[in-house]
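Engineer: No letters, just coordinates:
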């Protein structure tokens, strides 16, 4: 009998070792990205946007950096000229989003929380001031553009904002701006959002994830998540939430009335942004750098790489076949995706 027990224990040990070896193979793959370029910028890069030719960087020391995507040459704009020849001085830029369809760039300044400035980017070497929009934003936390599902009156695009008092979007046709088209007042600060054709998913800090029907403006469902929900991306039936001190939360939203948290990852530092490309998700996490996850199966996503030697990061965006990281002390870091 003791001999049988010993043989059984050896077999169990062999199985455990095999399982551990398999786990190490699955959860320690080759690196997902490799650094190919570091681009110093003036000041602290806070936000990123891009079109086919350029990367646009919001700088907290004032102005905008425009990076050529082909050769990585940089131009820095602190003063802009309008079509009538008058000059506008840019302040500290907090948020930035490009509308390539109309060759427009929307920016928001740190010291002008209730103002949006629209620029003409037809020629990335010579940005032209168009006009300002003032009022109704309440301190912008996120800003993005999206196509209208049912365009009307030549309005093909909309600009969405989330702020201290909720979410709103306004229509834009390249020349005219129609304000206060759609507004949702939220119970806490709306720090981020993601739009589909019929729903808006709002990262609502202490309240977690809120899901609204766009047509009726009605709340469909909500879910409190660990940490404070700051930014959200939706891929298929899953919402991926950058949740400040709690890192990444993953929520099944297949039933909007009853969203369910299916996983999470506690990052070092404060998770402040998330972006998705294919089966990869990149989470910028402040002092923790950038975490890159394989989300092929959202219920069992796993870490494939951490960029933890680049200092404090404000943002990470997938731009074509590259990952672009805005790092406080190192400027822009360009990584090639494998």
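Structural biologist: Okay, I see it. This structure is a prediction, so every number in the text was calculated from the model and none was measured.

Engineer: buried ones in stretch 66-73?
Structural biologist: 66-67, 69 (16 or more other Cβ atoms under 10 Å). Every C-beta, even on glycine, is put in place using the N, C-alpha and C of the backbone.

Engineer: Looking at those, spot the one nearest residue 253.
Structural biologist: residue 69 (33.0 Å; Cβ to Cβ).

Engineer: which residues does that closest one contact?
Structural biologist: 50, 52-55, 319-320 (Cβ atoms under 8 Å, 6 or more residues apart in numbering).

Engineer: pLDDT at it, what is it?
Structural biologist: Residue 69 carries a pLDDT value of 97.

Engineer: One more: residue 335?
Structural biologist: 98.

Engineer: So which of the contacts of residue 69 are in strands?
Structural biologist: 50, 54-55, 319 (DSSP state E).

Engineer: What about the residues you listed, which one has the most neighbours?
Structural biologist: Most neighbours among the ones in strands among the contacts of residue 69, by other Cβ atoms under 10 Å: residue 55, with 25 neighbours.

Engineer: Report the rounded mean pLDDT for stretch 296-314.
Structural biologist: Per-residue scores along stretch 296-314 average to 96.

Engineer: can you pull the buried residues of it?
Structural biologist: Buried-residue list, stretch 296-314, by 16+ other Cβ under 10 Å: 298, 301-308, 310, 312-314.

Engineer: Secondary structure element holding residue 255?
Structural biologist: Following DSSP states H and E, there is no helix or strand that holds residue 255.

Engineer: err, residue 197, not the other one
Structural biologist: Applying DSSP H and E, one finds residue 197 in no helix or strand.

Engineer: And it, what's its pLDDT?
Structural biologist: For residue 197, the predicted pLDDT is 82.

Engineer: who's in contact with residue 67?
Structural biologist: If you count contacts by Cβ under 8 Å, 6+ apart, then residue 67 has 39, 54-57, 73-74, 332 around it.

Engineer: Any idea what it is bridged to?
Structural biologist: residue 55, residue 74 (DSSP bridges).

Engineer: what does residue 271 give?
Structural biologist: Residue 271 has these beta-bridge partners by DSSP bridges: residue 244.

Engineer: want to throw the contacts of residue 67 into TSV with distance to residue 203?
Structural biologist: As requested, those are exported to TSV (distance: Cβ to Cβ, whole Å):
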residue	distance to residue 203
39	29
54	28
55	24
56	23
57	23
73	35
74	31
332	25
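
Engineer: Tell me the one of these nearest residue 144?
Structural biologist: Closest approach to residue 144 among those (Cβ to Cβ): residue 56, at 13.2 Å.

Engineer: Next, count neighbours for the closest one.
Structural biologist: Neighbours of residue 56 (other Cβ under 10 Å): 24.

Engineer: Report the contact partners of the closest residue to it other than its chain neighbours.
Structural biologist: Nearest residue to residue 56, sequence neighbours excluded (Cβ to Cβ, 6 or more residues apart in numbering): residue 49, at 4.8 Å. By Cβ under 8 Å, 6+ apart, the contact set of residue 49 is 55-56, 96-98, 105, 317.

Engineer: Taking the residues you listed together, which two end up most distant?
Structural biologist: Farthest pair in the contacts of residue 49, by Cβ to Cβ: 105 and 317, 15.2 Å.

Engineer: quick one, which of those two is more surrounded?
Structural biologist: residue 105 (25 against 20).

Engineer: Going along the chain, name the helices of this structure.
Structural biologist: 2-27 (DSSP state H).

Engineer: any weak-confidence spans in it?
Structural biologist: 1-30, 113, 135-138, 148-157, 179-181 (pLDDT under 70).

Engineer: mind redoing it with 50?
Structural biologist: Low-confidence segments of the chain (pLDDT under 50): 12, 14-28.

Engineer: any chance you could map the strands in the stretch 201-338 of the chain?
Structural biologist: Along the stretch 201-338 of the chain, the stretches classed as strands by DSSP state E, counting those that start in this stretch are 209-213, 219-223, 231-235, 238-242, 248-252, 260-265, 273-277, 280-284, 290-294, 302-307, 313-319, 322-327, 331-337.

Engineer: what about these, which gets the closest to residue 78?
Structural biologist: Comparing those by Cβ to Cβ, strand 331-337 comes nearest, at 16.7 Å.

Engineer: just the angle between that closest one and strand 290-294, please?
Structural biologist: 20 degrees (axes from the mean of the first three to the mean of the last three Cα atoms, to 10 degrees).

Engineer: Give me the contacts around strand 331-337.
Structural biologist: 32-41, 45, 55, 57, 65, 67, 72, 277, 280, 307, 310, 318, 321-327.
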